[in-house]
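>>> sequence and computational prediction follow.
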Amino acid sequence: MHKYYVSVTEIYIKTGKLEIIIRTFPDDIENVLKENYQIKADLSQKQTRELLKEYLRSHFLITTDNQVVDCRFAGFTQEDEFFVILLEAGLAGKPGRISIKNTILQDLFEEQKNIVHFFYKDDKASYILTKQNPIAEFKLVNGKN
């Protein structure tokens, strides 16, 4: 166990798509799946991966100009001590505003913080999301945030 409860999400805004990388601790993902679905989380099993996708759909939401974006699960991997989740989403046109609601693991850990980094061209904006403030918004105005 660790004493810090944090995830880091990177969102790369590219022409026609979003690339999303979520990093968290593997034991936290296992514990939240166990708590929510009463299973022993084994991410090598298809059923567990499907439950992870379901969990993400209910705790991770992106909207562009107030329209919900369909995030597709692109896989996961282990990277050093982190569990890395990969998502992709298509973008129709050039949005003026992108919002993210990230409540991952906040149902399990009251002190969970979800750090979000938006990357667009040469710009970067960062936010710390908490249970009390779970939404970040990135504005694109004339190609700038």
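Yes, it's here.
>>> all helices of this protein, in order?
Listed in chain order, the helices of the chain (DSSP state H) span residues 26-37, 46-59.
>>> could you list the low-confidence segments of the protein?
Flagging of the chain using pLDDT under 70 yields the residue ranges 1-2, 141-145.
>>> can you tell me which of the helices of the chain is most buried?
Greatest average neighbour count among the helices of the chain goes to helix 26-37 (a mean of 17), per mean count of other C-beta atoms under 10 Å. From N, CA and C alone the C-beta is placed, and that goes for glycine too.
>>> kindly export stretch 94-114 (C-alpha atoms) in CSV.
Below are the C-alpha coordinates for stretch 94-114, written out as CSV (Å, rounded to 0.1, in the frame of the first residue of the first chain):
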residue,chain,number,x,y,z
LYS,A,94,-12.3,22.1,-34.1
PRO,A,95,-13.9,22.4,-30.6
GLY,A,96,-13.7,25.7,-28.7
ARG,A,97,-14.0,24.1,-25.3
ILE,A,98,-13.0,20.6,-23.9
SER,A,99,-14.2,19.6,-20.4
ILE,A,100,-13.2,16.5,-18.4
LYS,A,101,-14.9,15.1,-15.4
ASN,A,102,-12.6,12.6,-13.7
THR,A,103,-13.9,10.9,-10.5
ILE,A,104,-11.7,7.8,-10.9
LEU,A,105,-10.9,6.2,-7.5
GLN,A,106,-12.7,9.0,-5.6
ASP,A,107,-15.5,6.6,-4.7
LEU,A,108,-12.8,4.5,-2.9
PHE,A,109,-10.5,7.1,-1.5
GLU,A,110,-11.8,10.4,-0.2
GLU,A,111,-8.4,12.0,-0.5
GLN,A,112,-7.9,10.9,-4.2
LYS,A,113,-6.5,13.6,-6.5
ASN,A,114,-6.7,13.3,-10.2
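>>> since that was my last question, I'll sign off now.
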